[in-house]
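Novice: sequence-free structure coming up:
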C-alpha cells in the first residue's frame with residue numbers, strides 16, 4: 001500500500017481548501033490513499049462533504065466518538081482517537097503531511113503507530129498548477145482588484161488641491177483610510193473580501209509593506225497594492241499601481257520609466273521551464289542599467305532599503321504569497337502557475353514606483369490576467385461593480 005497524504009485543518013488552510021471546494025470552519029482529517037479520498041468529520045458537516053466528488057465520509061460518530069465519550073474520554077481526546085480509528089480502518093501506517101500539520105494530532109497518531117513525515121515539496125507541487133475552480137476564482141478576484149484600483153484613480157482624478165497641497169474630495173480631506181474603506185466596499189460588491197491592502201503616499205511608499213495613513217497630497221506618489229480574495233473559491237489576486245495627482249517629479253518619472261521597462265521585459269520572458277532566478281535577473285537589468293541598486297548588486301550582508309530592494313514577486317493562488325518565490329532560488333516555472341510580478345524602485349524619504357499584475361503561465365508562454373493601464377496620472381476607468 002502506498003503512503004497516505006494527510007491534512008488536518010479547516011478550509012482556511014490553503015492545502016485543505018485545494019481539495020475541499022467549500023468552507024468548513026472546524027478542523028478535520030483528510031486522507032488520500034491509493035487514488036481515493038476520505039474525511040473524518042463532525043456529523044454537522046457530513047452532508048456537504050458527501051457532495052464533494054469522489055469523497056468517502058466518516059462522521060466521527062461512526063468512528064466511535066460516542067462510545068469513547070461514554071468511556072470517560074474528554075471530547076478532544078475522543079476526537080483524536082476517532083482519527084486513529086480511521087487510520088486503522090483504511091490500513092494507514094505511514095502518512096505524508098504538510099509543515100502546518102498540528103503537533104498535537106501528529107503526536108497522537110504517532111503514538112498509535114502511524115508514521116508521519118513532513119513533505120513540504122509534495123504539498124508545494126500539489127498547489128502549483130491551479131484547478132479550474134481556483135483559476136475562475138482568481139479571475140473574479142482580479143475584477144475586484146481592478147474595481148478597487150479604479151476607485152482610487154477616480155477619487156484622485158476628481159479631487160481638488162487645497163492651498164497646502166492636500167487633496168480634498170467632496171469637501172473632505174482625501175485620506176488613505178477613506179480610500180481603503182471604499183476599496184473594501186468594492187471588493188464586497190464583486191464577491192470578494194480583503195486579504196491585504198496598502199494605500200500609501202509620499203515617503204510611505206518606500207517603507208516595505210507600510211499600509212499607509214493620512215491625507216494624500218498633490219505631486220506625491222500614491223501606491224495602491226491590494227489583494228482581494230474570492231469568497232466562493234478562496235482564490236486571490238494581487239495588483240499594484242502608482243498614481244500622482246498633478247505635476248510628476250522628474251525623479252519619480254525616472255523611476256516609473258525603468259520600472260515599466262523592467263515590468264515589460266519580465267512579462268515578455270515568462271514561459272514554462274524558465275528558472276525563476278533568470279526571470280528575477282531579467283527584471284533587474286533595466287534598473288541596474290539606470291544606476292539603481294538591486295538584490296543582485298548588493299554586497300553580502302548589506303541591508304538594501306532603496307532602489308529595487310525587494311524580489312520580483314511570488315506565486316498567487318489560495319494564498320496571496322505562495323510558491324514559487326521569484327528571486328534567486330532553484331524553482332522553475334510550470335504551466336498552470338499563477339505569478340505576481342512587481343518590480344519597483346524607491347528612495348527613502350521620497351517614495352517610489354511599483355507596478356504589479358498577476359500572470360498565468362501557459363503551455364506556450366503566458367496570459368496577463370489583468371486589463372488595467374499603468375500610467376501615473378489617475379484616470380477614472382470604471383471596473384467591476
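Specialist: Sure, I can see it. Note that this is a predicted model, so its numbers are computed, not measured.
Novice: now do the strands in the stretch 201-350 of the chain.
Specialist: For the stretch 201-350 of the chain, the strands defined by DSSP state E, counting those that start in this stretch cover 222-230, 239-243, 313-315, 322-326, 338-341, 344-347.
Novice: can you redo these as TSV with mean pLDDT and distance to residue 158?
Specialist: (C-beta placed from N, C-alpha, C; glycine too.) Output for the strands of the stretch 201-350 of the chain, formatted as TSV (pLDDT from 0 to 100; distance: least, Cβ to Cβ, whole Å):
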stretch	mean pLDDT	distance to residue 158
strand 222-230	98	14
strand 239-243	98	13
strand 313-315	98	32
strand 322-326	97	36
strand 338-341	98	29
strand 344-347	97	27
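Novice: quick check: which of these is nearest to residue 90?
Specialist: strand 322-326 (29.3 Å; Cβ to Cβ).
Novice: quick one: strands adjacent to the closest one?
Specialist: strand 313-315 (antiparallel) (DSSP bridges).
Novice: from the chain's centroid, how far away is the partner strand?
Specialist: From the chain centre to the centre of strand 313-315 is a distance of 8 Å (Cα atoms, centre = their mean, to the nearest Å).
Novice: hang on, the earlier thing: hey, which of the strands of the stretch 201-350 of the chain is tucked in deepest?
Specialist: Here the criterion is mean neighbour count by mean count of other Cβ atoms under 10 Å, and of the strands of the stretch 201-350 of the chain the winner is strand 222-230, at a mean of 28.
Novice: packing partners of that strand?
Specialist: In terms of contacts (3 or more Cβ pairs under 8 Å, 6 or more residues apart in numbering; DSSP states H and E), strand 222-230 is packed against helix 132-158, helix 176-189, strand 192-201, strand 239-243, strand 351-354.
Novice: got the buried residues for stretch 77-92?
Specialist: 78-87, 90, 92 (16 or more other Cβ atoms under 10 Å).
Novice: now, the residues you listed that are in helices?
Specialist: Under the assignment DSSP state H, these contribute 78-87, 90 to helices.
Novice: can you list the residues you listed in CSV and add distance to residue 6 and pLDDT?
Specialist: Listed next are those as CSV, based on distance: Cβ to Cβ, whole Å; pLDDT from 0 to 100:
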residue, distance to residue 6, pLDDT
78, 19, 97
79, 15, 97
80, 14, 98
81, 16, 98
82, 14, 98
83, 9, 98
84, 12, 98
85, 14, 98
86, 10, 98
87, 9, 97
90, 10, 97
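Novice: count the residues that sit near residue 302.
Specialist: Residue 302 sits with 10 neighbouring residues when counted by other Cβ atoms under 10 Å.
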